[in-house]
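**Student:** Got a sequence here, can you build the structure:
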Amino acid sequence: MHPDDPTAQKLTDAPSTTHPRDAASTERTIGRHRAPEPPRRTLLGATPVRVALATGVTCCLGLGAFAATRDGQEAPQPVRPIADALADRAAIADERASRSLDRDIAPARVIPTPTASPTPRPTVTRKAPKKPVKPRRPRPVAGLDQQQMDNAKIIVDVGLELKMPRRALVVALATAMQESNLYNLASDVLPESSEYPHQGSGSDHDSVGLFQQRPSSGWGTVAELMRPSYAARAFYTALAEIPGWQDMSLTAAAQAVQVSAYPDAYAPHEERATTVAAALLA
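**Tutor:** Numbering: from 1, shown residues only. Next comes the predicted model:
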């Protein structure tokens, strides 16, 4: 065939079917098969950067496809797969990076804050209940012993409780001095009286106690009359019922209550009774 033949020139200028692929194809082929480089933490490794890069590439490819379509050229098919692959790789890389960070960085140790031990409550020492203080026994005066002085105090305390005047206290003390010498006496005639606390015994009929009052005369029961406080109360009650007793002599007032066979026997005890009352009221 002649070299100047146009037909021969067309055949000569036609690309050979055995010609190697273009440089871009060769570069892509070589790029797909070359050994992967170890991952390097670069600026592109950051998740925001990779996502931005993938988005930019997708936009550029989209613009290129749009331009190609306007020129009547068919858009290359690999555009969306490549964009999707880039997005998938970015997501996978981000996921791997997140897991890697979770594995490499040990979780921070939470050191428990030592809880303060509860403040111990102050030990409340309960004091034992105080034993009732026994009243101080009065010091005997006017020749009396302790038992007599104790009985005299009971007589005075009952009179004060009943708000009796001082004169009534002296009359009551003098009467008890004459009747029982200020001792709580039982009676030999009433054996029952010996069953109660007593400080001796007498034999004047059924008379008992400090004022030798008789149960048969209505003063009270034996048990009641053997209690010094009851006997003193009974005496004051009877004395208060006598009209004008405050103006009577001690002997007359005492006799009006006791109706004794010896009406003048109370007078000798007035001075001593006054001394005892003054000591107990001090």
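
**Student:** CA atoms for contacts and neighbours, from now on please.
**Tutor:** Fine.

**Student:** quick one: the helices in the stretch 51-200 of the chain?
**Tutor:** Ranges of helices in the stretch 51-200 of the chain, per DSSP state H, counting those that start in this stretch, are 79-104, 146-161, 166-180.

**Student:** weakest of those helices in terms of mean pLDDT?
**Tutor:** Ranked by mean pLDDT, these bottom out at helix 79-104, with a mean of 52.

**Student:** Can you tell me the element Leu280 falls in?
**Tutor:** Leu280 belongs to helix 270-281 when assigned by DSSP states H and E.

**Student:** So for stretch 240-249, mean pLDDT?
**Tutor:** For stretch 240-249, mean pLDDT is 96.

**Student:** how about the CA coordinates for it, as CSV?
**Tutor:** C-alpha atoms of stretch 240-249 as CSV (Å, rounded to 0.1, in the frame of the first residue of the first chain):
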residue,chain,number,x,y,z
ALA,A,240,-60.8,23.4,166.0
GLU,A,241,-64.4,22.5,166.8
ILE,A,242,-64.3,24.0,170.3
PRO,A,243,-65.6,27.6,170.3
GLY,A,244,-63.1,30.1,171.6
TRP,A,245,-60.3,27.6,172.3
GLN,A,246,-57.7,30.3,171.4
ASP,A,247,-58.8,32.3,174.5
MET,A,248,-58.7,29.4,176.8
SER,A,249,-55.7,28.3,179.0
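
**Student:** Buried residues of it, list them for me.
**Tutor:** Within stretch 240-249, the residues scored as buried using 16 or more other Cα atoms under 10 Å are Trp245.

**Student:** Next, the angle from the helix holding Leu280 to helix 146-161.
**Tutor:** Computed by axes from the mean of the first three to the mean of the last three Cα atoms, to 10 degrees, the angle separating helix 270-281 from helix 146-161 equals 70 degrees.

**Student:** what's the burial count for Thr237?
**Tutor:** Burial of Thr237 is recorded as 14 neighbouring residues (other Cα atoms under 10 Å).

**Student:** Quick one: name whatever helix or strand follows the helix or strand hosting it.
**Tutor:** Following DSSP H and E, the helix or strand that holds Thr237 is helix 228-240. Downstream of helix 228-240, the next assigned helix or strand under DSSP H and E is helix 250-258.

**Student:** residues in contact with that next one?
**Tutor:** With contacts defined as Cα atoms under 8 Å, 6 or more residues apart in numbering, helix 250-258 is touched by 171-172, 175, 235, 238-239, 242, 245-246, 263-267, 270.

**Student:** got it, and stretch 133-150?
**Tutor:** Lys153, Asn181, Leu182, Tyr183, Arg272, Thr275, Val276, Ala279, Leu280.

**Student:** with those residues in mind, which one is nearest to Ser229?
**Tutor:** Distance to Ser229, by Cα to Cα, is smallest for Lys153 among the contacts of stretch 133-150, at 10.0 Å.

**Student:** and stretch 215-231, which residues are buried?
**Tutor:** Here stretch 215-231 shows Pro215, Gly220, Val222, Ala223, Glu224, Leu225, Met226, Arg227, Pro228, Ser229, Tyr230, Ala231 as buried, counting by 16+ other Cα under 10 Å.

**Student:** cool, stretch 165-175 as well?
**Tutor:** For stretch 165-175, by 16+ other Cα under 10 Å, it's Ala168, Leu169, Val170, Val171, Ala172, Leu173, Ala174, Thr175.

**Student:** And the fifth one, how far from Ala240?
**Tutor:** Think Ala172. Distance, Ala172 to Ala240, using Cα to Cα, to the nearest Å: 12 Å.

**Student:** so where is this protein shaky, pLDDT-wise?
**Tutor:** 1-120, 124 (pLDDT under 70).

**Student:** can you rerun that using 90?
**Tutor:** Within the chain, the segments meeting pLDDT under 90 span 1-136, 203-205, 260-263.

**Student:** Distance of Glu241 relative to Ser249?
**Tutor:** Distance, Glu241 to Ser249, using Cα to Cα: 16 Å.

**Student:** do the same with Ser229
**Tutor:** Per Cα to Cα, Ser229 is found 25 Å from Ser249.
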